[in-house]
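The following block contains a protein sequence and its predicted model.
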Amino acid sequence: MEHTNQKKPPLQLFIDNPSKSMWNLAIPIMAGMGIQTLYTIIDMIFIGRLGGNAIAAVAFNMPIFFFVMGLSFGLGNGVTASIARFIGADDKVNADNSAEHAVVIAFLISGVLTSAGLIYGKEILILMGCTQEILPLAWDYLRVSCYGISFGVFSGFFRSILAGEGEMKLPMIVAGLGTVLNTILDPIFIFYLDYGVTGAAWATTISQIIVFCIFIYMLFIKHHTYIRFKLKDFSPSSFIIYDIIKVGIPVSMSMVVMAIGQLVFNRLLVNYSTNAVAAYQIGGRIDMLVFLPIFGIASALTTMVGMFYGANEINKIKFISRYGVRSSLIITSICSALLYIFAPLVISIFTSDPTIQKISIDYLRIISLLFPFISIGLTIGRILQGLGQGMPSLIITTIRVIGVAGPLAYYFTFIQDKPVEWIWYSMFISGIFATIISIVWVTITFKKLSIA
């Protein structure tokens, strides 16, 4: 039965007090993502107790999961931007229609990815450079994880739909429940039932299923949204599909490029040792902690810029964009300094292996200097997505990963025969280059907005 007491999106509040509204959106996102990141860190701590091979087995799975996340995250961004612009333009019919298209897209993606993973997963791991020593552990982890891919994809799209209407608290709460459950299940499956790495995958899969069920209940049964789903009356709309994919496909492809980058770096690192791969994996998990505030601010900006753009509030777009970038830069600079100082202490939580510790510490201390620049580029990318522009993210990411970082890392590794830390230097150089391009791009875009 259709509910009449629908929640109203906070467009007027955004217009009246944009800086306060940004934090009202960003803080729940930070909390939700913090909870999810805590899960990945706890997961890695438990897996780290199984040894370097177990960490490496998970590391070789990461490009696959990054690819899956890229598709759902990218298209989800398209959904968020589309819904936000329609709500800003006071067009609820098309906002609802965008959400319905999101559900159908999630169904199609889930079926393809799950089937591909179960049928070709082992071959994909071998193609990515997984050694015969690590392959059995890596395949066991991937095979079980494939059972939960569909539920994770759907949950990602549900979060994107809610973000489009400015609802951030429900995803935070659901993420918290999923993380608590995963934290409880991890030691049970890994150690008590003695499933090892496979146990970590089972804990994650079960948690994803339960999170999915909660979203279904809240969105389709309890109707905890401004958006309404009428899937029985669904009919494809080329206009809605284009509105989603013009942002979503480029963002998804940029995530795919980043997954390829992870694959390239894993293959380069395995030439040094599997310990180098494990160290890169640990460092990547810690990176996520530093970027929690930035992801929160950037996600809030996508929603707000989208609504302001739909409502033709150009001055508000400029104000909140500058405020968001400045806030991201200040926060990341502080976090980077702390991480540089306390890197040895942080790494010791994840592994006691002295070789892995040394490589991880070197990685963190080099990359932490890049974090403030990354925060600028990341925030600018999400601002442009709110304006309906997905191509900048794809172009800049492709230049960074394929045009600069990959070739430099190859050059340092095979031609110059440099030690492993030169791979981190290649990442640093490419990150600076990408940030400069981002700043130029958004400056030109804002000039065009003013003229228009």
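Sure, I can see it.

residue ranges of the helices in the stretch 351-452 of the chain, please?
In the stretch 351-452 of the chain, helices defined by DSSP state H, counting those that start in this stretch lie at 354-367, 371-386, 391-398, 406-410, 421-451, listed in chain order.

can you give me the offset of the fourth one from its chain's centre?
Relative to the chain's own centre, helix 406-410 is displaced by 24 Å; criterion: Cα atoms, centre = their mean, to the nearest Å.

Please apply the same query to stretch 87-97.
For stretch 87-97, the distance to the chain centre is 26 Å (Cα atoms, centre = their mean).

thinking again about what came up before, for the helices of the stretch 351-452 of the chain, state which one has the densest average packing.
Comparing the helices of the stretch 351-452 of the chain by mean neighbour count (mean count of other Cβ atoms under 10 Å), helix 371-386 comes out on top with a mean of 25. Any C-beta I mention is one placed from the backbone N, CA and C, and that applies to glycine too.

Quick check: which helices or strands does it pack against?
If you count contacts as 3 or more Cβ pairs under 8 Å, 6 or more residues apart in numbering; DSSP states H and E, helix 371-386 packs onto helix 52-88, helix 292-310, helix 314-348, helix 391-398, helix 421-451.

What residues sit buried inside the helix or strand residue 120 falls within?
Element membership for residue 120 (DSSP states H and E) is helix 92-127. Judged by neighbour count (16 or more other Cβ atoms under 10 Å), helix 92-127 contains these buried residues: 92, 94-103, 105-106, 109-110, 113-114, 117, 121-122, 124-125.

again with stretch 28-46
28-44, 46.

and what of stretch 304-320?
304-311, 313, 316-318, 320.

wait, what's in contact with residue 284?
Residues in contact with residue 284 (Cβ atoms under 8 Å, 6 or more residues apart in numbering) are residue 62.

orientation of the helix or strand where it lies relative to helix 292-310 in degrees?
Using DSSP H and E, residue 284 sits in helix 274-290. Relative orientation of helix 274-290 versus helix 292-310 (axes from the mean of the first three to the mean of the last three Cα atoms, to 10 degrees): 50 degrees.

sorry, back to before: quick one: mean pLDDT for the helix holding residue 120?
Average pLDDT, helix 92-127: 88.

In CSV: the buried residues of stretch 304-320, plus distance to residue 397.
Converted to CSV, the buried residues of stretch 304-320 look like this (distance: Cβ to Cβ, whole Å):
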residue, distance to residue 397
304, 23
305, 20
306, 21
307, 26
308, 25
309, 23
310, 26
311, 30
313, 29
316, 28
317, 23
318, 25
320, 24
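
And the helix holding residue 120, what does it pack against?
helix 52-88, helix 135-164, helix 238-269.

want to throw these into a markdown table with mean neighbour count?
Converted to a markdown table, the helices and strands packed on helix 92-127 look like this (neighbours: other Cβ atoms under 10 Å):
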| stretch | mean neighbour count |
| --- | --- |
| helix 52-88 | 26 |
| helix 135-164 | 23 |
| helix 238-269 | 21 |
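
Could you list the residues in contact with stretch 338-350?
The contact list for stretch 338-350 (Cβ under 8 Å, 6+ apart) reads 44-45, 48, 282, 285-286, 290, 357, 360-361, 364-365, 368-369, 371.

Could you export the helices of the stretch 351-452 of the chain to JSON lines, including columns for distance to residue 338 and mean pLDDT?
Shown next, in JSON lines, are the helices of the stretch 351-452 of the chain (distance: least, Cβ to Cβ, whole Å; pLDDT from 0 to 100):
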{"stretch": "helix 354-367", "distance to residue 338": "11", "mean pLDDT": "87"}
{"stretch": "helix 371-386", "distance to residue 338": "11", "mean pLDDT": "88"}
{"stretch": "helix 391-398", "distance to residue 338": "27", "mean pLDDT": "85"}
{"stretch": "helix 406-410", "distance to residue 338": "27", "mean pLDDT": "87"}
{"stretch": "helix 421-451", "distance to residue 338": "19", "mean pLDDT": "88"}
